[in-house]
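Peer 1: how would this look folded up:
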Amino acid sequence: MFRSASVRLFRKTSALTTISPAAAASPSLRFLSTHISATDHGSTTTRELAGGGRGSPKDDYFMIIHHISNIVRRDIYMERTLNKLRLPTATVNSELVFRVLRSCCNSGAESFRFFNWARSHHPSYDPTTLEFEELLRTLARTRHWETMWKVAYQMKTHNLPISADLVSFVIEQYGKHGLADQAVELFNKSKAFNCPQTTQIYNSLLFALCEVKNFQAAYALIRRMVRKGGVPDKKTYSILVNGWCSAGKMREAQQFLEEMSRKGFNPPVRGRDLLIDGLLNAGYLEAAKDLVRKITKEGFVPDIETFNSLAEALFKSGEVDFCIDLYHNLCGLGICPNSDTYKIMITAASKAGRIDEAFEILNRSMEDGQKPYPSLYGPILKAFCRRGQFDDAFCFFSDMKVKGHPPNRPVYTMLIKMCGRGGRFVAAANYLVEMTELNLSPLSQTFDMVTDGLKTCGKHDLAKKIEQLEISLRGV
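Peer 2: Below is the predicted model of the structure:
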């Protein structure tokens with residue numbers, strides 16, 4: 001126990017004081033690693049920022065971005081702390097600024113300050129459309145509307161185009177915060193930003209109007225869209241149907257679908273599927289179940305995407321038996337499952353302890369020509385371990401390594417953890433070694449669990465080998 005504790009302590013200490021060779025090879029990171037600057041957060045240094053002996057230049061680069069993002073989000077004197085880092089001019093470029101802005105997507109004012117700092121303290125940095133739009137999204141998300149418009153006009157003065165995606169996003173943010181009038185104003189101004197009023201823009205305004213329950217204006221907007229030659233898509237129908245269903249107005253939703261059908265605008269999916277999706281999105285699970293029962297009695301089946309949404313909602317609400325029975329019923333009516341369907345159903349059956357049915361669904365997916373992914377056979381493996389059937393689990397795992405896609409790190413970690421809980425520490429150690437042979441790096445907690453378990457059951461030699469394996473992997 002004392003030996004493993006000292007190994008862990010040595011590993012943590014070395015991570016704080018060692019600079020990786022890969023970091024020293026990069027010019028900008030080499031500069032950072034030699035310049036030690038204490039921040040106002042405590043004893044954080046740029047030696048830590050350079051990666052601490054943990055790996056490749058790519059890892060060190062993202063460590064720098066993570067550190068700068070923490071400064072932007074948390075430091076009151078952000079500009080002063082960033083200046084203390086003395087970042088090389090070549091380091092502050094479009095990619096770094098964009099990644100930091102995206103990392104700070106919920107910090108509007110702070111992101112704006114960082115953007116201004118990058119432009120003022122690094123004159124060689126010339127912002128592109130990517131950074132401007134990311135900043136505008138953040139300001140809209142955090143309701144800094146006045147600052148958002150100032151940045152938008154700066155973008156316009158730089159002759160940078162504003163995309164339809166950005167305009168749609170801002171309109172939807174206005175709707176989410178109950179500012180329908182501002183959403184309509186931006187919709188009308190979109191042409192001033194050289195952004196045509198496409199179906200995407202109409203859908204965004206439709207969403208904003210439905211968010212504030214203004215269904216009369218939403219319906220009038222669709223009429224205007226049709227009158228101006230626009231063609232409603234699946235999202236157009238879904239937004240309005242979801243809005244009506246969330247307000248408990250299912251009859252109005254049905255009447256809307258029937259009226260649009262009479263005008264020759266049939267939705268890309270069937271109206272009943274849209275109604276089921278709308279009820280699920282509004283949280284009316286029982287009403288969605290009743291509608292599915294009704295259409296199956298008539299011999300019809302829902303769209304596969306609709307069924308997947310329903311199955312997932314049933315699974316989350318704990319109605320696993322109904323979910324599995326509905327799946328078998330619809331398969332008899334001719335529904336064609338896809339990979340998402342198999343993943344949902346196998347997970348549901350495995351968690352309910354119905355391993356035989358999970359096997360049946362897995363075999364059907366293989367008969368359909370699908371090679372099982374770890375996300376498909378992982379739940380069955382876990383179900384075996386939970387029931388204490390470790391021999392069956394090991395045989396099934398060996399079979400899947402041949403017939404399916406190679407197991408990934410989460411599956412190995414789960415299997416090792418379940419072996420540990422079941423007292424199978426030798427098997428856990430074998431899978432740990434097998435994992436490293438596949439270049440899948442185990443977590444430190446996984447090593448600790450296996451070594452402690454082996455020592456508890458008297459396997460000290462094997463525990464020592466596992467500790468040596470960890471030390472060789474960590475490079476300490």
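
Peer 1: pretty sure Arg137 is in contact with Val167, am I right?
Peer 2: No: checked against CB atoms under 8 Å, the pair Arg137 and Val167 is beyond contact range at 11.2 Å. Yep, even glycine has a C-beta here, placed from its N, CA and C like the rest.

Peer 1: count of residues packed around the residue lying closest to Tyr431 once chain neighbours are set aside?
Peer 2: Of all residues not flanking Tyr431 in the chain, Ile416 sits nearest, at 5.2 Å (CB to CB, 6 or more residues apart in numbering). Residues near Ile416, counting by other CB atoms under 10 Å, number 26.

Peer 1: correct me, but Ile416 touches Ala428?
Peer 2: Yes: look at Ile416 against Ala428 with CB under 8 Å: they come within range, at 4.7 Å.

Peer 1: list residues touching both of these two?
Peer 2: Met449, Val450 (CB atoms under 8 Å, 6 or more residues apart in numbering).

Peer 1: helices or strands next to the strand or helix carrying Asn430 in the packing?
Peer 2: Secondary structure assignment for Asn430, by DSSP states H and E: helix 425-437. If you count contacts as 3 or more CB pairs under 8 Å, 6 or more residues apart in numbering; DSSP states H and E, helix 425-437 packs onto helix 409-421, helix 444-456, helix 460-474.

Peer 1: In TSV, list the ones you listed along with mean pLDDT.
Peer 2: Putting these into TSV (pLDDT from 0 to 100) gives the following:
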stretch	mean pLDDT
helix 409-421	92
helix 444-456	90
helix 460-474	87
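
Peer 1: Just send these back as TSV, with distance to Pro161 too.
Peer 2: Formatted as TSV, these follow (distance: least, CB to CB, whole Å):
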stretch	distance to Pro161
helix 409-421	41
helix 444-456	48
helix 460-474	48
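
Peer 1: who wins for proximity to Asn70 among those?
Peer 2: Asn70 sits nearest to helix 444-456 of all the helices and strands packed on helix 425-437, at 22.2 Å, using CB to CB.

Peer 1: got the buried residues for that closest one?
Peer 2: Thr446, Phe447, Asp448, Met449, Val450, Thr451, Gly453, Leu454, Lys455 (16 or more other CB atoms under 10 Å).

Peer 1: Out of those, which comes closest to Gly230?
Peer 2: Nearest member of those to Gly230, counting by CB to CB, is Thr446, at 55.2 Å.

Peer 1: Would you check how far apart that closest one and Arg409 are?
Peer 2: 10 Å (CB to CB, to the nearest Å).

Peer 1: hang on, the earlier thing: quick one: contacts for the residue nearest to Tyr431?
Peer 2: Ala428, Tyr431, Leu432, Met435, Pro442, Thr446, Met449, Val450.

Peer 1: shouldn't the third one be in contact with Thr446?
Peer 2: Yes: Leu432 is in contact with Thr446 according to CB under 8 Å; the separation is 6.7 Å.

Peer 1: so what's the backbone phi/psi at Pro127?
Peer 2: phi -60, psi 150 (degrees, to the nearest 10).

Peer 1: hang on, it packs against Phe114?
Peer 2: No: in this structure Pro127 lies outside contact range of Phe114 using CB under 8 Å: 11.8 Å.

Peer 1: Which neighbours do those two have in common?
Peer 2: By CB under 8 Å, 6+ apart, the residues touching both Pro127 and Phe114 are Val97.

Peer 1: Can you get me a residue count around the spatially closest residue to Val92 that is not a sequence neighbour?
Peer 2: Excluding the flanking residues, the one nearest Val92 by CB to CB, 6+ apart is His122, at 4.4 Å. Residues within reach of His122, counting by other CB under 10 Å, total 17.

Peer 1: OK, contacts around His122?
Peer 2: Counted by CB under 8 Å, 6+ apart, His122 has contacts Leu87, Thr89, Val92.

Peer 1: Report the separation between it and Met78.
Peer 2: 15 Å.

Peer 1: hey, which helix is longest across the chain?
Peer 2: Scanning the chain for the helix with the most residues, using DSSP state H, yields helix 57-74.

Peer 1: What is that one packed up against?
Peer 2: Right, helix 57-74 is packed against helix 21-25, helix 27-34, helix 46-49, helix 78-85, helix 94-103, helix 108-121 by 3+ CB pairs under 8 Å, 6+ apart.

Peer 1: Next one: Thr138 from Gly404, what distance?
Peer 2: 41 Å.

Peer 1: do Phe207 as well
Peer 2: Counting by CB to CB, the gap from Phe207 to Gly404 is 41 Å.

Peer 1: the more surrounded of the two?
Peer 2: Higher neighbour count among Phe207 and Gly404: Phe207, with 24 against 18, using other CB under 10 Å.

Peer 1: Tell me which helix or strand that one sits in.
Peer 2: helix 199-211.

Peer 1: Tell me how far that helix lies from the chain's centre.
Peer 2: Here helix 199-211 shows a centroid-to-chain-centroid distance of 24 Å under the convention CA atoms, centre = their mean, to the nearest Å.

Peer 1: can you list contacts of the helix or strand just after that helix?
Peer 2: Proceeding N to C from helix 199-211, the next assigned helix or strand is helix 215-227, under DSSP H and E. Residues from elsewhere that reach helix 215-227 (CB under 8 Å, 6+ apart): 180, 199, 202, 205-206, 209-210, 232, 236, 240, 243-244, 247, 249, 252, 256, 263, 265.

Peer 1: Just the buried positions in the following helix or strand past helix 215-227, please.
Peer 2: For helix 215-227, the following helix or strand on the C-terminal side (DSSP H and E) is helix 234-246. Across helix 234-246, burial judged by 16+ other CB under 10 Å covers Lys235, Thr236, Tyr237, Ser238, Ile239, Leu240, Val241, Asn242, Gly243, Trp244, Cys245, Ser246.

Peer 1: Convert the C-alpha atoms of helix 234-246 to CSV, please.
Peer 2: Extracted C-alpha coordinates of helix 234-246, given in CSV (Å, rounded to 0.1, in the frame of the first residue of the first chain):
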residue,chain,number,x,y,z
LYS,A,234,-39.6,19.1,-42.0
LYS,A,235,-38.3,21.5,-39.4
THR,A,236,-41.0,24.1,-40.3
TYR,A,237,-43.8,21.6,-39.6
SER,A,238,-42.0,20.2,-36.5
ILE,A,239,-41.5,23.6,-34.9
LEU,A,240,-45.2,24.6,-35.2
VAL,A,241,-46.5,21.1,-34.2
ASN,A,242,-44.1,21.0,-31.2
GLY,A,243,-45.3,24.4,-30.1
TRP,A,244,-48.9,23.5,-30.3
CYS,A,245,-48.4,20.2,-28.5
SER,A,246,-46.4,21.9,-25.7
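
Peer 1: what's the angle from it to helix 199-211?
Peer 2: 0 degrees (axes from the mean of the first three to the mean of the last three CA atoms, to 10 degrees).

Peer 1: For helix 234-246, name the packing helices and strands.
Peer 2: helix 199-211, helix 215-227, helix 250-262, helix 271-282.

Peer 1: Tell me which of those lies nearest to Gln154.
Peer 2: helix 199-211 (22.4 Å).

Peer 1: elements contacting the closest one?
Peer 2: With contacts taken as 3+ CB pairs under 8 Å, 6+ apart, helix 199-211 sits against helix 164-176, helix 180-189, helix 215-227, helix 234-246.

Peer 1: Could you tell me the least trusted of these?
Peer 2: Ranked by mean pLDDT, these end with helix 234-246 at the bottom, a mean of 81.

Peer 1: so how far is that one off the chain centroid?
Peer 2: 24 Å.

Peer 1: Kind regards, and thank you for your time.
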